[in-house]
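Enquirer: Quick one: sequence plus predicted model below, questions after.
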Amino acid sequence: MSTFDEIAIRYDETRGGAIRGDVYARGLADRIDAGADILEVGVGTGVVAQGLQRRGHRVAGIDISWNMLTLAHARLGGRVMLADACRMPFATGSFRYAVAVWVLHVVPDPAALLREIGRVLRPGGRLLVCPENRPSPADPVGRAHQELGQRISALKGRTDWTVTADDILRLGEQAGFGGVTERLPDQTWQSTREHEIHSITSRAWSDLVDLTDEEFAIATANALAQFRSLPPGPLLRRATAEVVVLQR
């Protein structure tokens, strides 16, 4: 069972949902030939794939979480599959394009994942990887979430708490890809103090699910204190986004 099974029902409401997924789809589609077949690795609830389909692409999606796939199926129909991305049930050279949005940082072995994606891509195929957003200096909520991620990693004994675009380029080169990092348009979306507090106290983030109550209290105390000090009413969230374009 994936930890994402436990947060699937709350996933979209805490990450921007279909609107934000469509923003990513637009940026990815600009780098993909018209009408292409695409594999989305870590399709999640299907919001990015749905945006790609609206732009005329045919998308197949895989994910390790059954509950996330249930939501993706409602958006995409039967083109989704439960599978481990490091051991995909596809023949070598099956796809011209693959995309992965906010995936590599939650995979135990991102190098193995990139090697496996390289296997299912055709020679000359292209992989588009979007690492996690980086919070804008003008977004105190994003900076608090960033610090929360570091605290959780420290509690779990991890030395790296995220996978950056530079990490992806380096791992991609080791897996036989050449690549570049390109900026996507800066992102803005609305939130509230109450929403941010609830996203933590309800453990709507996968890294929070398996913490003990004591660990949870230690990890989240500072972020919750910062959120509670914010003024009531709408909060404008801001983040910078990137896509790593890898070519076999």
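Expert: In hand now; what should we look at?

Enquirer: Please count neighbours and contacts with C-alpha atoms only from this point.
Expert: Will do.

Enquirer: Can you list the residue ranges for strands in this structure?
Expert: Taking DSSP state E, the strands of the chain run over residues 37-41, 58-63, 80-82, 95-101, 121-130, 134-135, 178-192, 234-247.

Enquirer: The last one: partners in the sheet, and parallel or antiparallel?
Expert: Yep, that's strand 234-247 we're talking about. Sheet partners assigned to strand 234-247 using DSSP bridges are listed as strand 121-130 (antiparallel), strand 134-135 (antiparallel), strand 178-192 (antiparallel).

Enquirer: Please report how far Glu132 lies from Pro123.
Expert: 27 Å (CA to CA, to the nearest Å).

Enquirer: Show me what the helix or strand bottoming out on mean pLDDT in the chain is packed up against.
Expert: Ranking every helix and strand in the chain by mean pLDDT, DSSP states H and E puts helix 3-15 at the bottom, with a mean of 83. Packing partners of helix 3-15 (3 or more CA pairs under 8 Å, 6 or more residues apart in numbering; DSSP states H and E): helix 66-76, helix 206-209.

Enquirer: Point to the residue nearest the middle of the protein.
Expert: In the chain, the C-alpha nearest the mean C-alpha coordinate belongs to Trp102, at 1.7 Å (CA atoms, centre = their mean).

Enquirer: I'd guessed that residue sits against Pro110; true?
Expert: No: if you go by CA atoms under 8 Å, Trp102 and Pro110 don't touch, sitting 11.9 Å apart.

Enquirer: What residues does Val41 make contact with?
Expert: By CA atoms under 8 Å, 6 or more residues apart in numbering, Val41 lies in contact with 61-63, 85, 98-101, 103.

Enquirer: Just grab the bridge partners of it for me.
Expert: The partner residues for Val41, given DSSP bridges, come to Ile62.

Enquirer: Could you dump the helices and strands packed on helix 3-15 into JSON lines with mean neighbour count and mean pLDDT added?
Expert: Putting the helices and strands packed on helix 3-15 into JSON lines (neighbours: other CA atoms under 10 Å; pLDDT from 0 to 100) gives the following:
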{"stretch": "helix 66-76", "mean neighbour count": "20", "mean pLDDT": "95"}
{"stretch": "helix 206-209", "mean neighbour count": "18", "mean pLDDT": "89"}
